[in-house]
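Peer 1: okay, sequence plus prediction incoming.
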Amino acid sequence: MVAPPISCVGGLVPLVNSQGLTIRGLWLGVLVLGRYFWLAARSDRANAVFEQLKGHVFGQKGEGMNKYLTEFIGTFFLVLTIGCSVIGGAALPPLAIGAVLMVMIFAGGHISGAHYNPAVTLAVTMRGKCSPADAGPYIGSQLLGAVLAALTTKFLLPDATVKAMDLSKTVPRAFVAEFLFTFALCYVVLNVATAKGTANNSFYGLAIGFTVLAGAFAVGGISGGAFNPAVAVGISVMGLASWHNIWIYLVGNFAGAAAAACVFKFINPDDK
């Protein structure tokens with residue numbers, strides 16, 4: 001929709017309020033202030049100050065902040081979608097989860113690589129496409145995004161009944177399920193998003209999102225279908241998973257990621 005002209009907006013409300021200020025005058029003031037702050041934000045001085053601030057906090061020219069913020073945002077919306085769709089009783093949560101992961105990957109891939117998953121960060125680091133110096137802040141940003149998303153979910157759905165998945169009798173099966181589909185996820189990521197043979201493709205987000213979608217449908221009823229340590233932390237905060245079982249996700253996910261990185265390097269010895 002196109003916003004109506006100012007004159008039209010002013011014509012829909014009384015021209016003068018109790019204090020004698022015209023509504024059109026208020027609109028004009030808002031526009032003038034908005035224009036001022038827009039010009040100020042574009043000024044070289046403002047940009048220089050902002051870049052200097054980023055540099056002090058996040059390193060040279062603030063290069064890390066863009067990547068870490070992207071990882072935070074992507075992980076936040078991934079975990080928020082998981083919580084709201086599962087706790088909220090959506091018909092097909094895996095569809096929403098795979099879709100939001102796909103669009104967030106397309107949105108942030110050019111900035112941070114769009115990991116949104118500590119296991120993926122481990123795999124990409126082992127493959128040599130993420131520096132060890134970035135790996136820690138990446139994982140920290142992902143975990144922070146997951147926790148805040150879990151708390152946001154609890155705020156949005158305060159009256160929802162949440163019951164943790166019982167894995168007490170299925171620990172071996174849950175562990176294997178998490179290992180296998182985290183391996184599949186990281187294997188797909190490494191091949192579609194880091195390999196020379198698929199460089200600059202336009203389908204990487206779709207492939208990764210559909211891998212999670214397939215895994216959630218296939219083994220979600222066995223392990224919960226996290227395939228992501230940050231998601232595991234998020235669903236534990238929400239109450240969808242028990243903290244006693246967090247090790248299943250952490251060990252299974254990181255082991256699957258490491259295995260995927262090793263297999264990728266074995267299959268692609270010349271892809272450095």
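Peer 2: Thanks, I have it.
Peer 1: show me what counts as buried in the helix or strand hosting A99.
Peer 2: With the criterion set as DSSP states H and E, the secondary-structure element containing A99 is helix 93-112. With burial defined by 16 or more other C-beta atoms under 10 Å, the residues of helix 93-112 counted as buried are 93-94, 96-98, 100-102, 104-106, 108-109, 112. In short, each C-beta sits where N, CA and C put it, glycine included.
Peer 1: would you turn those residues into a markdown table with distance to V120 and pLDDT?
Peer 2: Formatted as a markdown table, the entries for those read as follows, by distance: C-beta to C-beta, whole Å; pLDDT from 0 to 100:
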| residue | distance to V120 | pLDDT |
| --- | --- | --- |
| P93 | 21 | 97 |
| P94 | 18 | 97 |
| A96 | 20 | 98 |
| I97 | 15 | 98 |
| G98 | 15 | 98 |
| V100 | 16 | 98 |
| L101 | 11 | 98 |
| M102 | 14 | 98 |
| M104 | 13 | 98 |
| I105 | 10 | 98 |
| F106 | 16 | 98 |
| G108 | 13 | 97 |
| G109 | 12 | 96 |
| S112 | 11 | 96 |
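Peer 1: dump those to CSV, plus distance to T125.
Peer 2: Formatted as CSV, the entries for the buried residues of helix 93-112 read as follows, by distance: C-beta to C-beta, whole Å:
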residue, distance to T125
P93, 30
P94, 28
A96, 29
I97, 25
G98, 24
V100, 24
L101, 20
M102, 23
M104, 20
I105, 18
F106, 22
G108, 18
G109, 17
S112, 13
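Peer 1: confidence score at the residue most central in space within the chain?
Peer 2: When the chain is reduced to its mean C-alpha position, the closest residue under C-alpha atoms, centre = their mean turns out to be G74, at 1.8 Å. Per-residue confidence for G74 comes out at a pLDDT of 98.
Peer 1: do K54 as well
Peer 2: pLDDT recorded at K54 is 50.
Peer 1: ok, now R24?
Peer 2: As predicted, R24 sits at a pLDDT of 51.
Peer 1: got it, and the one 10 residues further on?
Peer 2: As predicted, G34 sits at a pLDDT of 53.
Peer 1: any low-confidence regions in the chain?
Peer 2: Within the chain, the stretches with pLDDT under 70 are 1-63.
Peer 1: number of nearby residues for the nearest residue to M238 once chain neighbours are set aside?
Peer 2: Of all residues beyond its chain neighbours, the one nearest M238 is A150 (4.8 Å), with distances taken as C-beta to C-beta, 6 or more residues apart in numbering. By other C-beta atoms under 10 Å, the residues close to A150 number 24.
Peer 1: now do A150 against G205, distance only.
Peer 2: A150 sits 24 Å away from G205, going by C-beta to C-beta, to the nearest Å.
Peer 1: for F181, same thing?
Peer 2: Going from F181 to G205 by C-beta to C-beta gives 18 Å.
Peer 1: do the same with L240
Peer 2: Spatial separation of L240 from G205 under the definition C-beta to C-beta is 25 Å.
Peer 1: circling back: I'd guessed the residue nearest to M238 sits against I235; true?
Peer 2: Yes. With contact taken as C-beta atoms under 8 Å, A150 and I235 are classed as touching, separated by 7.4 Å.
Peer 1: need the residues touching each of these two.
Peer 2: Taking C-beta atoms under 8 Å, 6 or more residues apart in numbering as the contact rule, A150 and I235 both touch 79, 83.
Peer 1: and the helices in the stretch 151-272 of the chain?
Peer 2: Here the stretch 151-272 of the chain has its helices, by DSSP state H, counting those that start in this stretch, at 171-193, 204-223, 229-238, 246-267.
Peer 1: can those helices go into TSV with extra columns for distance to D159?
Peer 2: TSV is the format used below for the helices of the stretch 151-272 of the chain (distance: least, C-beta to C-beta, whole Å):
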stretch	distance to D159
helix 171-193	29
helix 204-223	24
helix 229-238	14
helix 246-267	26
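Peer 1: residues contacting the helix or strand the residue nearest to M238 falls within, please?
Peer 2: Using DSSP H and E, A150 falls within helix 132-156. Counting by C-beta under 8 Å, 6+ apart, helix 132-156 makes contact with 64, 67-69, 71-80, 83-84, 87, 112, 115-118, 121-122, 125, 130, 229-231, 233-235, 237-238, all of which sit outside it.
Peer 1: list the ones among those that fall in strands.
Peer 2: Assignment to strands by DSSP state E places none of the contacts of helix 132-156 there.
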